[in-house]
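> Compute the structure for the input listed below.
(chains A and B)
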Amino acid sequence: MKIAVLSGKGGTGKTAIAANLAAVCDASMYVDCDVEAPNGNLLFTSSIQKTEPVYVKIPVIDAPQCNGCRACTEFCRFNALAFVSGNVMVFREICHSCGGCVLVCPTKAIAETRQEVGSIAYGTSKNIHVISGAMHIGIASGIPIIKELWNVIEAASEPVFIDCPPGSACSVMESMQHAEYCVLVAEPTVFGTDNLKMVHELVKLFQKPYGVVLNKCLKNEWNPAKEYCVQEGIPILCELPFDQKLAEIQSNGGLVVRKAKQYKNCFSELLKSIEKEVRHAAAVDS
Amino acid sequence: MKIGVPIDMPSTDEPVSSTFGRSKKFLIYDTDSKETRYIDNLAMNSQGGAGIKAAQVILDAGVDVLLTPQCGENAAKVLHESHVTLFQTTSGSAQYNIDQFLQGKLLKSGDFHGGYHGRQGEGGRHI
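Purely as a prediction, here's the structure:
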């Protein structure tokens, strides 16, 4: 079971929900795909067992071998190569590591070198595998790290909860496109609802089964996110209250399901609803 | 000497395009022959790296001096490497800026912005 947790805006509670869902399972994996600002590991008292670097391949030009035909600069759809004063210039941060330039070079003047773009930390917290991707400072794209994280996710046999980056851009798509089910987390604000609409569009585009967790709900107050869900017929998985206790536990780096019984029950119920939805989606699919 | 100016419509009376990498065309003025021609900016619809490709178009056209309101860091690297000099345009038409340049009234560009790559479209991160 591979569950992606996403939201249109940051700070809605993706990490809290993904981490606490992982914590109510008997055995599970939590994967932080928010590689620009991974912070899920703060909620687990996890010990990092190993950290592995992530590399991408970058072309290097053997200038004496180059005949200036420009096959490579014309091939590169990302314009990562330019032909300047008789030499090929490589823009590392624009390169998407497709390897196409190497293939099209008729004189074999292009080889590849590897560049470290980030790392993946592997830890455990009780029976949860805590996997966290992080980009190096100055690197333009986190996609290669998310791709590598997905190799780990695919290999897992236990339920996996994927903490996606905020928004609905490339890095989010990379994080959720192979998930079996998407949990959208929404805040009861107009801004939060607008962002919910964006991720709602995204999950529809990818034809994923999905449901919404309404977070930070205020009693007897207008909730535009709920209104949107009702209007669009989006399944509401649960409503979490705007609760100071929850915030305090989180701020001290704790998981609410380990510190407050009511939340343990709440997240267990949420997990059950998700499992039911996933089974239902699988049945519809087959 | 060949002068290049990013422009969106093929006329010397048109204002200079507000963007270099994604302008529609480039006006090329040859000070020796006094001829003006317009070339397409092949980078206009690029997914990424538009500045780099636009700079390639400029240097392939044999431009010596580029008059532009702004230019990304990567494009500037390409242009600098090929000894194209950059001057900052002011508001007004392409012709006005060419005249200003010929009278020595435009400033050499020194400050380039760092480009947009990875800084837009990231959803809520930068709001």
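> Show me which residues of stretch A:260-276 are buried.
Taking 16 or more other Cβ atoms under 10 Å in any protein chain shown as the neighbour-count basis, stretch A:260-276 is seen to contain the buried residues A:Ala260, A:Tyr263, A:Lys264, A:Cys266, A:Phe267, A:Leu270, A:Leu271, A:Ser273, A:Ile274. Yep, even glycine has a C-beta here, placed from its N, CA and C like the rest.
> ditto for stretch A:171-183
Taking 16+ other Cβ under 10 Å as the basis for neighbour counts, the residues of stretch A:171-183 that come out buried are A:Ser171, A:Val172, A:Met173, A:Glu174, A:Ser175, A:Met176, A:Ala179, A:Glu180, A:Tyr181, A:Cys182, A:Val183.
> which among these are in contact with chain B?
Among those, the residues lying close to chain B (Cβ under 8 Å from any Cβ of the partner chain) are A:Ser171, A:Val172.
> In strands, which of the buried residues of stretch A:171-183 appear?
Per DSSP state E, strands hold the following members of these: A:Tyr181, A:Cys182, A:Val183.
> pLDDT added to those residues, as CSV?
Written out in CSV, the entries for those read as follows (pLDDT from 0 to 100):
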residue, pLDDT
A:Tyr181, 96
A:Cys182, 97
A:Val183, 97
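> and the helix or strand that contains A:Ile145, how far from the chain's centre?
Of the helices and strands defined by DSSP states H and E, A:Ile145 is found in helix A:143-155. On the basis of Cα atoms, centre = their mean, to the nearest Å, the separation between the geometric centre of helix A:143-155 and that of its chain is 10 Å.
> what does stretch B:20-34 give?
Computed by Cα atoms, centre = their mean, the chain-centroid distance of stretch B:20-34 equals 8 Å.
> Can it be said to contact chain A?
No. Remark: stretch B:20-34 sits outside contact range of chain A, by Cβ under 8 Å from any Cβ, the gap being at least 9.3 Å.
> From one end of that stretch to the other, what's the distance?
The stretch stretch B:20-34 measures 23 Å between its terminal residues, going by Cα to Cα, to the nearest Å.
> buried stuff in it?
B:Phe20, B:Gly21, B:Arg22, B:Ser23, B:Lys25, B:Phe26, B:Leu27, B:Ile28, B:Tyr29.
> Closest one of those residues to chain A?
Here the nearest of those to chain A, counting by Cβ to the nearest Cβ, is B:Gly21; it sits at 9.3 Å.
> how near is that closest one to B:Ile52?
8 Å (Cβ to Cβ, to the nearest Å).
> Now tabulate the buried residues of stretch B:20-34 in CSV and tack on pLDDT.
Listed next are those as CSV, based on pLDDT from 0 to 100:
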residue, pLDDT
B:Phe20, 94
B:Gly21, 93
B:Arg22, 94
B:Ser23, 95
B:Lys25, 96
B:Phe26, 97
B:Leu27, 96
B:Ile28, 97
B:Tyr29, 97
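> Just the ones of the residues you listed in strands?
Counting by DSSP E, the members of these that fall within strands are B:Lys25, B:Phe26, B:Leu27, B:Ile28, B:Tyr29.
> Kindly indicate which of those residues lies nearest A:Phe78.
Taking Cβ to Cβ as the measure, A:Phe78 lies nearest B:Phe26 of these, at 21.5 Å.
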